[in-house]
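Visitor: got a predicted structure here, sequence first:
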Amino acid sequence: MNTAYQWNPADYAQNSQGQERWARELLELAAIKADDRVLDIGCGDGRMTAEIARRAHQGRVIGVDRSAEMVEFASRTFPPAQYPNLSFRQTDARGLPFESEFTLVYSSAVLHWVREHQPVLAGIARSLRPGGRIVLQMGGKGNTMDVAGAFEECFRDLAWRHAAKGFEFPYSFYGAEEYRVWLEEAGLVPDAVELLDRDMVHPSRAAFTGWLRTAWLPFHAALQDGERDAFLETVTDCFIRQNPLDVRGQVHAHAVRLQVLAHK
């Protein structure tokens, strides 16, 4: 995750149920073996990395993240005394420092934070042992455009124009065809690379606003704490006008995931 922003790991842990649901689905797809050696790129608060360590209990698991706050939180929450096969490091995905160490590289809901993926894939290739597997999922081309549109509409409001000060769209949402090319350039073999339409369901309006506060941090990083809540309520209003609550009071956001299965 991007260290340009001040992450609140505890708040993220409470407002990332959608990401966790998809991460668990991806874990099943990864079919982790007891003796796997696994690298989790963008480990965040460490929940999924700890689950990987439980499954690879005869192997070794390393979680890496750019955020010092996330790495400190994960290391404290999942300590070596309880997870002897698990460790966390502050590392940039574009400069992975590993060589032929892993049988599996896993990453969920993270790599869309990275602009150029060629250095990431080159590092993954170096990190893997021959025959090693790659299971990645990230935001793909067309992802959550309605959410971004709600923020942009609020930025145009004179009352919130200052919220956009210095703002640059932080994500890179790529398509399947270009990603296959990058995999092959890195010496990796694509097995299945596809865009998946998904419905991210938030159980309530408050849960949706909490997700905006955490997963969409760059869109309100310029605001002080005292006005951030009011801004996010305004963005929530704007989104719900275009995407009404369902009969259960849930909020739905359309997502597109780029899912990448490959091997070395």
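Guide: Done, it's in. What you see is a predicted model; the values in this text were computed from it and never measured. Residues are numbered from 1 along each chain as shown.
Visitor: do you know the pLDDT at A176?
Guide: Looking at A176, its pLDDT reads 98.
Visitor: count of neighbours near it?
Guide: Applying other CB atoms under 10 Å, we find 17 residues neighbouring A176. Heads up, the C-betas are built off the backbone N, CA and C, glycines and all.
Visitor: need the contact list for it.
Guide: Taking CB atoms under 8 Å, 6 or more residues apart in numbering as the contact definition, A176 lies against 140, 193-195, 258.
Visitor: Q90: which of these is nearest?
Guide: Nearest to Q90 among these, counting by CB to CB, is L258 at 25.3 Å.
Visitor: low-confidence ranges, the stretch 51-200 of the chain, go.
Guide: In the prediction, the stretch 51-200 of the chain carries no residues with pLDDT under 70.
Visitor: what about the strands in it?
Guide: 60-65, 86-90, 102-108, 128-139, 189-202 (DSSP state E, counting those that start in this stretch).
Visitor: so how far is T209 from R54?
Guide: 32 Å (CB to CB, to the nearest Å).
Visitor: between these two, which one's more packed in?
Guide: Between R54 and T209, T209 has the larger neighbour count (other CB under 10 Å), namely 19 against 13.
Visitor: please name every helix or strand in contact with the helix or strand where that one lies.
Guide: In this assignment (DSSP states H and E), T209 forms part of helix 205-215. When contacts are defined as 3 or more CB pairs under 8 Å, 6 or more residues apart in numbering; DSSP states H and E, helix 205-215 sits against helix 9-14, helix 17-30, helix 225-242, strand 251-263.
Visitor: same thing but at 10 Å, please
Guide: helix 9-14, helix 17-30, helix 145-156, strand 189-202, helix 225-242, strand 251-263 (3 or more CB pairs under 10 Å, 6 or more residues apart in numbering; DSSP states H and E).
Visitor: could you dump the ones you listed to a markdown table with distance to R115 and mean neighbour count?
Guide: Listed next are these as a markdown table, based on distance: least, CB to CB, whole Å; neighbours: other CB atoms under 10 Å:
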| stretch | distance to R115 | mean neighbour count |
| --- | --- | --- |
| helix 9-14 | 22 | 17 |
| helix 17-30 | 20 | 17 |
| helix 145-156 | 17 | 17 |
| strand 189-202 | 19 | 15 |
| helix 225-242 | 24 | 15 |
| strand 251-263 | 15 | 20 |
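Visitor: just so I know, which of these lies nearest L104?
Guide: Among the helices and strands packed on helix 205-215, helix 17-30 sits nearest to L104 (CB to CB), with 6.4 Å.
Visitor: now that closest one against strand 128-139, angle please.
Guide: Using axes from the mean of the first three to the mean of the last three CA atoms, to 10 degrees, the inter-axis angle of helix 17-30 relative to strand 128-139 is 150 degrees.
Visitor: show me which pair in the contacts of A176 is furthest apart.
Guide: Greatest spatial distance among those (CB to CB): G140 and V193, at 10.0 Å.
Visitor: find residues that contact each of these two.
Guide: 175-176, 179, 258-260 (CB atoms under 10 Å, 6 or more residues apart in numbering).
Visitor: how about a markdown table for those, with distance to G44 added?
Guide: Formatted as a markdown table, those follow (distance: CB to CB, whole Å):
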| residue | distance to G44 |
| --- | --- |
| G175 | 25 |
| A176 | 25 |
| Y179 | 22 |
| L258 | 18 |
| Q259 | 19 |
| V260 | 19 |
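Visitor: just the closest of those residues to L128, please.
Guide: L128 lies nearest to V260 out of those, by CB to CB, at 13.6 Å.
Visitor: list the residues that contact the closest one.
Guide: For V260, the contacting residues are 107, 111, 117, 121, 134-138, 140, 174, 176, 179-180, 182-183, 188, 190-194, by CB under 10 Å, 6+ apart.
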